[in-house]
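Colleague: next input, structure requested:
(chains A, B, C and D, ligands or ions: 4)
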Number of protein chains: 2
Amino acid sequence: MQDEVLDVLRERSGPMSAYDVLGQLRQDKLNLAPPTIYRALSSLTNRGKVHRLESLNAFVACQYDDHEHAWIMSICDSCGAVNEIVSPELLNALSGVASESGFLSTRHVIEIYGQCAACRAIEAKA
Amino acid sequence: MQDEVLDVLRERSGPMSAYDVLGQLRQDKLNLAPPTIYRALSSLTNRGKVHRLESLNAFVACQYDDHEHAWIMSICDSCGAVNEIVSPELLNALSGVASESGFLSTRHVIEIYGQCAACRAIEAKA
DNA sequence: AAGCTTTCTGTTATAACATCACGTTAATGG
DNA sequence: CCATTAACGTGATGTTATAACAGAAAGCTT
Ligand SMILES: [Zn+2]
Ligand SMILES: [Zn+2]
Ligand SMILES: [Zn+2]
Ligand SMILES: [Zn+2]
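Modeller: Ligands and ions are numbered 1, 2, ... in the order given. All right, here's what the predicted structure looks like:
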């Protein structure tokens, strides 16, 4: 089941909600229900194969699925494209700022909204 | 309505879901329905009086409600306390990293999980 | 005042996202 | 073979959020 969910997420470039994935897989397996999908997504996110976009309630396949890492996501407001940025330095800086008030960071949720390079080019042309 | 919602959020130190707020206010106004709360929360977040915690589907009153600002939230896994960090430098750094791939940032969602100073102190003592 | 527009609120219903609880199946290993 | 465990199926439910339309209040316009 995890493999099938991962395949669906990889076919799609952008983010998908759990119910989007469910809809896709129901074309083959008719009696698929939400818990099955959520279980698979949970395992995949734990294994780092899939990342959850917290501010969209959606999921994307990892773009660097051969190693585990912390991530920063950029999300285009125009086309919805998601890009994964790996920057340990920035995460350290963030942990540093939090630690000024004695906070010990363990997990970062960072999602940046704006406009991707492609959409900026299109808009500049117009 | 906005004032009443804001009061409820201020009384509580931690984050509240929209339905938490609804429950509180229903003690007085019995036929309060979700849309009323969501409308008030929407205006309050637009005005910067309340911030939404995207990864918790919850809301907190702004800790610096006299001026508008971008924010970073730290959220304690142990006690749920939320603290608001204002750091334009860090947001600039983040925009900078995103711009390396041509991305133009307009809005940042940054939520850091870990352990607050108070909970660390308790744990150290134990 | 009468009529209008705008804004906010009330109400019902429903959509969208996520989990619980329990039962069944299937593989693993003694 | 049987106990254990992990995965999945199934139905219901819980939680978060919005659509769609109706009504009331407040402020202008004439
Ligand atoms: Zn990744
Ligand atoms: Zn784009
Ligand atoms: Zn604030
Ligand atoms: Zn704490």
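
Colleague: tell me how chain A divides into domains.
Modeller: Taking automatic domain parsing as the reference, chain A has its domains at A:1-65, A:69-126.

Colleague: any chance of those domains in a markdown table, plus mean pLDDT and mean neighbour count?
Modeller: Every residue, glycine included, has its C-beta placed from N, CA and C. As requested, those are exported to a markdown table (pLDDT from 0 to 100; neighbours: other CB atoms under 10 Å in any protein chain shown):
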| stretch | mean pLDDT | mean neighbour count |
| --- | --- | --- |
| domain A:1-65 | 94 | 16 |
| domain A:69-126 | 95 | 17 |
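
Colleague: what ranges does chain A have for its strands?
Modeller: A:50-53, A:58-61, A:72-76, A:82-85, A:104-115 (DSSP state E).

Colleague: what does chain A have sitting close to ligand 1?
Modeller: With CB under 5 Å from the ion as the criterion, chain A meets ligand 1 at residues A:Cys62, A:Tyr64, A:Trp71.

Colleague: make a markdown table out of those residues and add distance to DNA strand D.
Modeller: Listed next are the residues of chain A next to ligand 1 as a markdown table, based on distance: CB to the nearest atom of the strand, whole Å:
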| residue | distance to DNA strand D |
| --- | --- |
| A:Cys62 | 19 |
| A:Tyr64 | 23 |
| A:Trp71 | 22 |
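
Colleague: quick one: which of these is nearest to ligand 3?
Modeller: Using CB to the ion, A:Trp71 comes nearest to ligand 3 of the residues of chain A next to ligand 1, at 25.4 Å.

Colleague: for that closest one, which residues are in contact?
Modeller: Shown in contact with A:Trp71 (CB atoms under 8 Å, 6 or more residues apart in numbering or on different chains): A:His51, A:Cys62, A:Glu84, A:Ile85, A:Val86, A:Ile110.

Colleague: residues contacting the fifth one?
Modeller: A:Val86 makes contact with A:Tyr64, A:His69, A:Ala70, A:Trp71, A:Ile72 under the criterion CB under 8 Å, 6+ apart.

Colleague: which one is A:Asp65 nearest to, not counting chain neighbours?
Modeller: Closest residue to A:Asp65 apart from its sequence neighbours, by CB to CB, 6 or more residues apart in numbering or on different chains: A:Lys49 at 5.5 Å.

Colleague: isn't the one you found up against A:Ala61?
Modeller: Yes: counting by CB atoms under 8 Å, A:Lys49 does reach A:Ala61; the two are 7.0 Å apart.
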